[in-house]
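Trainee: Build me a model from this:
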Amino acid sequence: MRNNQLDLDDVFITLSQAQHYDSLWNNFIELMSQLGADLISYHHITPLGSLDEHRVDVLSHGYPRAWLNYYRQNKLHKYDPIFNMSYKTLRPIKWSEMAKDDQLSAQQKKVIFELKEWMKGDGYSIPAFGPCGKTACFGLGNTATIAEWDSATLRCFEWICAQFHLSYSIMRLKEFPKELSLNDQDRDILQQWARGINIAAIAENLGEKPKIIQTIIYDIMEKMNVTDNQSLMVRAAHLGLVKPRSN
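Mentor: This next block holds a predicted model:
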């Protein structure tokens, strides 16, 4: 498949209609491979306060198994500049260019040094952004050369990565509990609280005493297994319990 022959509708259908993680990942690998990538990685990161905040998914294809085991055992995703640098550029950036950044920490430089000992060739780090604050970073490379990856090819990589991350994120969100035991009043108070309305104003709006509203908010926190307002807002957004503010 050449990038100028890529049928974006077919790509969208292939990724969006996958029913399982394995089929989605396998379809993604096939698309990336046909475009010239034989080193493929995906880091899925969730924000603090989300229901799955402690789960970090790292998928890979083409990398030596020994390197992957070492990477996971030492939790190198915390220091991997391929992930961190993508948020500074918001565009694809070459792995070789990252190594020249004098702002890298000693731990990040160590990851690059160890990676060079295992891998050959160059590649790109590509960021992606999904629903409910879910972010990701892709590593795409080729053990031979990436010299033929022109700007059109990189745009295809970016678009396909974004579609994959969206589909993967939707699968993750489906694992969340479908409902919480919140009644209509709970949801109304939560929505007003998310909009920045203070307890006194919420109490006036609902004809209740401020102390009662405060107690209900504490009860909502307990139901959602959080202990602070920031975590409450993040978790409520993940569950679709609050709507974004409109300008």
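Trainee: Now do the strands for this protein: every range, in order, please.
Mentor: In the chain, the strands defined using DSSP state E lie at 39-45, 57-61, 93-94, 122-129, 135-142.
Trainee: And those strands: which comes nearest residue 158?
Mentor: Proximity to residue 158, assessed across the strands of the chain by Cβ to Cβ, is greatest for strand 122-129 (5.9 Å). Glycine gets a C-beta too; all of them are placed from N, C-alpha and C.
Trainee: What are the buried residues along that closest one?
Mentor: Neighbour counts over strand 122-129 (16 or more other Cβ atoms under 10 Å) mark 122, 123, 124, 125, 126, 127, 128 as buried.
Trainee: now that strand against strand 39-45, angle please.
Mentor: 30 degrees (axes from the mean of the first three to the mean of the last three Cα atoms, to 10 degrees).
Trainee: name the helices or strands packed onto strand 122-129?
Mentor: Applying 3 or more Cβ pairs under 8 Å, 6 or more residues apart in numbering; DSSP states H and E, we find strand 122-129 packed against helix 86-89, strand 93-94, helix 95-98, strand 135-142, helix 151-173.
Trainee: Break this structure into its domains for me.
Mentor: 3-173, 184-238 (automatic domain parsing).
Trainee: Throw the ones you listed into TSV and include mean pLDDT, thanks.
Mentor: Formatted as TSV, the domains of the chain follow (pLDDT from 0 to 100):
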stretch	mean pLDDT
domain 3-173	84
domain 184-238	87
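Trainee: Now do stretch 166-181: distance from first to last residue.
Mentor: Distance across stretch 166-181, first residue to last, is 28 Å (Cα to Cα, to the nearest Å).
Trainee: That stretch: how far from the chain's middle?
Mentor: Centroid displacement of stretch 166-181 relative to its chain, using Cα atoms, centre = their mean, to the nearest Å, is 14 Å.
Trainee: Over to stretch 111-118?
Mentor: Using Cα atoms, centre = their mean, the offset of stretch 111-118 from its chain centre is 24 Å.
Trainee: For that stretch, buried residues please.
Mentor: Buried, per 16+ other Cβ under 10 Å, within stretch 111-118: 111, 112, 115.
Trainee: so residue 138 bridges to which residues?
Mentor: With DSSP bridges as the criterion, residue 138 is bridged to residue 42, residue 126.
Trainee: OK, contacts around it?
Mentor: Neighbouring residues of residue 138 by Cβ atoms under 8 Å, 6 or more residues apart in numbering: 40, 41, 42, 43, 125, 126, 127, 128, 157, 161.
Trainee: now those residues in a markdown table, with distance to residue 175?
Mentor: Formatted as a markdown table, these follow (distance: Cβ to Cβ, whole Å):
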| residue | distance to residue 175 |
| --- | --- |
| 40 | 24 |
| 41 | 22 |
| 42 | 17 |
| 43 | 18 |
| 125 | 27 |
| 126 | 25 |
| 127 | 23 |
| 128 | 19 |
| 157 | 28 |
| 161 | 22 |
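Trainee: Which one of those residues is nearest to residue 192?
Mentor: residue 128 (33.0 Å).
Trainee: In this structure the closest one contacts residue 135, no?
Mentor: Yes: with contact defined as Cβ atoms under 8 Å, residue 128 counts as touching residue 135 (7.1 Å).
Trainee: now the helices for the protein?
Mentor: 8-16, 21-34, 65-73, 81-84, 86-89, 95-98, 106-118, 151-173, 184-194, 199-206, 210-223, 229-238 (DSSP state H).
Trainee: how close does residue 172 get to residue 52?
Mentor: Taking Cβ to Cβ, to the nearest Å as the criterion, residue 172 is separated from residue 52 by 7 Å.
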